[in-house]
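1. need coordinates for the following:
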Amino acid sequence: MTPVVDVRPVAPRDRHPLVFSTFDGLEAGDAMELVNDHDPQPLFRQFLAERHGQFSWDVVERGPDTWRVRIARTGRDCCGHCACGA
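-> Numbering: from 1, shown residues only. Model prediction:
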């Protein structure tokens, strides 16, 4: 079953840590669904910086009031197309 992380009722300072802790608990190939009240582009950029190549990001619903994103763990340490050395 895909966990749904609805951050709308969560204090803003606690949202990203909740999403990352849920993501880190996923097995390779598993996914979670994020529900948010705004475009989660800052979170996407944080995923790129901190979990580069380890996730896929698929927008399921694009606002204006509700955003839903499927975030899956790829099982890789890197995308394989960069110079990060992983």
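
2. and the residue nearest the centre of the protein?
-> The residue lying closest to the centre of the chain (CA atoms, centre = their mean) is Ile71, at 4.5 Å.

3. contacting residues for that one?
-> Taking CB atoms under 8 Å, 6 or more residues apart in numbering, we find Ile71 in contact with Val19, Phe23, Ala31, Met32, Glu33, Leu34, Phe47, Phe55, Ser56, Trp57, Asp58. (C-beta placed from N, C-alpha, C; glycine too.)

4. mean confidence for stretch 32-49?
-> Averaging pLDDT along stretch 32-49 gives 97.

5. pull out the buried positions in it.
-> Met32, Glu33, Leu34, Val35, Asn36, Pro40, Leu43, Phe47 (16 or more other CB atoms under 10 Å).

6. contacts for it?
-> By CB under 8 Å, 6+ apart, stretch 32-49 touches 2-8, 15-16, 19, 22-23, 26, 55, 57, 60, 62-63, 65-72.

7. now do 10 Å
-> 2-10, 15-16, 18-20, 22-23, 25-26, 54-55, 57-73, 79 (CB atoms under 10 Å, 6 or more residues apart in numbering).

8. buried among the residues you listed? Need that as a selection in ChimeraX.
-> Of the contacts of stretch 32-49, the buried ones can be selected in ChimeraX as follows, counting by 16+ other CB under 10 Å:
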select :5,7,15,16,19,23,26,54,55,67,68,69,71,72,73
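
9. now, which of the contacts of stretch 32-49 lie within helices?
-> Among the contacts of stretch 32-49, the residues falling in helices (DSSP state H) are Arg15, His16, Leu18, Val19, Phe20, Thr22, Phe23.

10. any chance of those residues in JSON lines, with pLDDT too?
-> Shown next, in JSON lines, are the ones in helices among the contacts of stretch 32-49 (pLDDT from 0 to 100):
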{"residue": "Arg15", "pLDDT": "98"}
{"residue": "His16", "pLDDT": "98"}
{"residue": "Leu18", "pLDDT": "98"}
{"residue": "Val19", "pLDDT": "98"}
{"residue": "Phe20", "pLDDT": "98"}
{"residue": "Thr22", "pLDDT": "98"}
{"residue": "Phe23", "pLDDT": "98"}
